[in-house]
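K.L.:
Everything below, folded, please.
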Amino acid sequence: MTKKQTIFSAIQPSGELHIGNYLGALKNFVELQDKYDCFFFIADYHSISGEYNPKEKSKQIFDLALDFLAIGLDPQKCTIAVQSQIPEHTELAWIFNTVTPLAELQRMTQFKDKSQNQDQNINMGLLDYPVLQAADILIYKAYGVPVGQDQIQHIELTRKIARFFNNKFGETFPEPKDLITKTPKIMSLIDPTKKMSKSHGKKSCIGINDEPEMIKKKMRKAVSTTEYNEDIYSFYASLLENFGTEKNKKYFLEQFKNKDIKFSELKDALAEDISNHFKDFREKRKELEKDPEKVKNILSEGAEKARVIAKKTMREVKEKVGVIMG
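P.N.:
Presented below is the predicted three-dimensional model:
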């Protein structure tokens, strides 16, 4: 039997996931677990480089685990774990720090963006984030990483770090491919020129765990126009394409074509379609929430499985860098 190739991906636990997160990552994760040997992580160490409330972090980690499982990730098919439960990740990150030129980190566009968003807390973690990300990926010698366009620069740096290490200490790490996911852009409910993001406030997002009434309330307040507007039309067309029933797609896209759209009717129809799309997810999540021990055991077993591989990699790395005495 041919061994499946390994892929790695992670999401930060930093609050409720929205439908953009679902289309950009979770939906793809569910499909990938049948094709690859998948490691899907809750990147809690990455999440603490931003502004956050320590009292909320453990709940955010647990909530993201619920989302992973309720959306369809199967611990029998993939490894689900929390980053901080595998200390080898940060251990490898330190060794990678010794071979990564500072200039490579300073040119990362996401560091510049994040620094602007939290200019009162420009910490070392923001700068060093890509090195830990490289350790996350390379410790499992991943073949590839499913990413959107905004993460390509980080995967390029991961390949460089693998190369820096291999050139200095001998062939150890593969250079992972970026598995570009075709991610439809879901824009903000209140500003269709901006991507849907939690940073723009809850009113701008539809959460995957939102109840039907909340979805309807948010959709009714979503942007509309009395005149033709390309951004607004594209926003609704994308929601229809990804969540609408065939009947609603046909009906409303015909209205778009004739520039005779009835926004109140469209908003209610989309609210119902989006709500129905996540109905099974909400029900399964509520069931899992009643059994926290089951969820914690899945994470513990995932960490145990991941550590077997991580320890093996670190043994090899330590031997090559010379910190294990014979």
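K.L.:
continuing past the worst-scoring helix or strand of the chain on mean pLDDT, what's the next helix or strand?
P.N.:
Sorting the helices and strands of the chain by mean pLDDT, DSSP states H and E puts helix 109-117 at the bottom, at a mean of 65. Beyond helix 109-117 in the direction of the C-terminus, DSSP states H and E gives the next helix or strand as helix 124-138.
K.L.:
Buried residues in that following helix, which are they?
P.N.:
Neighbour-count burial for helix 124-138, with 16 or more other C-beta atoms under 10 Å as criterion, is recorded at 125-138. In short, each C-beta sits where N, CA and C put it, glycine included.
K.L.:
so how far is the next helix or strand after that helix from its chain's centroid?
P.N.:
Per DSSP H and E, the first helix or strand lying C-terminal to helix 124-138 is strand 144-147. Its chain's C-alpha centre lies 11 Å from the corresponding centre of strand 144-147 when counted by C-alpha atoms, centre = their mean, to the nearest Å.
K.L.:
by contact count, what packs against strand 144-147?
P.N.:
Applying 3 or more C-beta pairs under 8 Å, 6 or more residues apart in numbering; DSSP states H and E, we find strand 144-147 packed against strand 6-11, helix 27-32, helix 152-169, strand 177-180.
K.L.:
rerun that using 7 Å as the cut-off
P.N.:
When contacts are defined as 3 or more C-beta pairs under 7 Å, 6 or more residues apart in numbering; DSSP states H and E, strand 144-147 sits against strand 6-11, strand 177-180.
K.L.:
Using CSV, write down the CA coordinates of it.
P.N.:
The C-alpha atoms that make up strand 144-147 are tabulated as CSV, following Å, rounded to 0.1, in the frame of the first residue of the first chain:
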residue,chain,number,x,y,z
GLY,A,144,2.7,20.4,1.3
VAL,A,145,0.7,23.1,3.1
PRO,A,146,-2.8,24.1,2.0
VAL,A,147,-2.7,27.9,1.9
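K.L.:
quick one: which of the buried residues of helix 124-138 is nearest to F281?
P.N.:
For the buried residues of helix 124-138, the residue nearest F281 by C-beta to C-beta is D136; the value is 26.1 Å.
K.L.:
Turn the helices and strands packed on strand 144-147 into a markdown table, columns for mean neighbour count, distance to Y228 and mean pLDDT.
P.N.:
What follows is those, written out as a markdown table (neighbours: other C-beta atoms under 10 Å; distance: least, C-beta to C-beta, whole Å; pLDDT from 0 to 100):
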| stretch | mean neighbour count | distance to Y228 | mean pLDDT |
| --- | --- | --- | --- |
| strand 6-11 | 22 | 37 | 97 |
| strand 177-180 | 17 | 32 | 90 |
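K.L.:
Distance to W94 added to those, as a markdown table?
P.N.:
As requested, these are exported to a markdown table (distance: least, C-beta to C-beta, whole Å):
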| stretch | distance to W94 |
| --- | --- |
| strand 6-11 | 19 |
| strand 177-180 | 25 |
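K.L.:
avg pLDDT for the helix ranked longest in the chain?
P.N.:
Longest helix in the chain by number of residues (criterion: DSSP state H): helix 292-321. The pLDDT scores in helix 292-321 average 98.
K.L.:
and the buried residues of helix 124-138, which two are the farthest apart?
P.N.:
Within the buried residues of helix 124-138, L126 and L138 form the most distant pair, 20.7 Å apart (C-beta to C-beta).
K.L.:
on that earlier part again, for the longest helix of the chain, buried residues please.
P.N.:
By 16+ other C-beta under 10 Å, the buried positions in helix 292-321 come out as 295, 298-299, 302-303, 305-307, 309-310, 313-314, 316-317, 320.
K.L.:
Stretch 141-155 too?
P.N.:
For stretch 141-155, by 16+ other C-beta under 10 Å, it's K141, A142, Y143, G144, V145, P146, V147, Q151, Q153, H154, I155.
K.L.:
Just give me the least confident of the residues you listed.
P.N.:
Q151 (83).
K.L.:
which residue packs closest to S224, ignoring adjacent ones?
P.N.:
Once flanking residues are discounted, S224 sits nearest to F263: 4.0 Å by C-beta to C-beta, 6 or more residues apart in numbering.
K.L.:
roughly how far apart are the one you found and K194?
P.N.:
19 Å (C-beta to C-beta, to the nearest Å).
K.L.:
higher neighbour count, those two?
P.N.:
Set F263 next to K194 and count neighbours by other C-beta atoms under 10 Å: F263 wins out with 18 against 14.
K.L.:
so what's F41 bridging to?
P.N.:
Bridge pairing for F41 (DSSP bridges) gives the partners A10, A81.
K.L.:
residues in contact with it?
P.N.:
By C-beta atoms under 7 Å, 6 or more residues apart in numbering, the residues touching F41 are A10, A81, Q83, D136.
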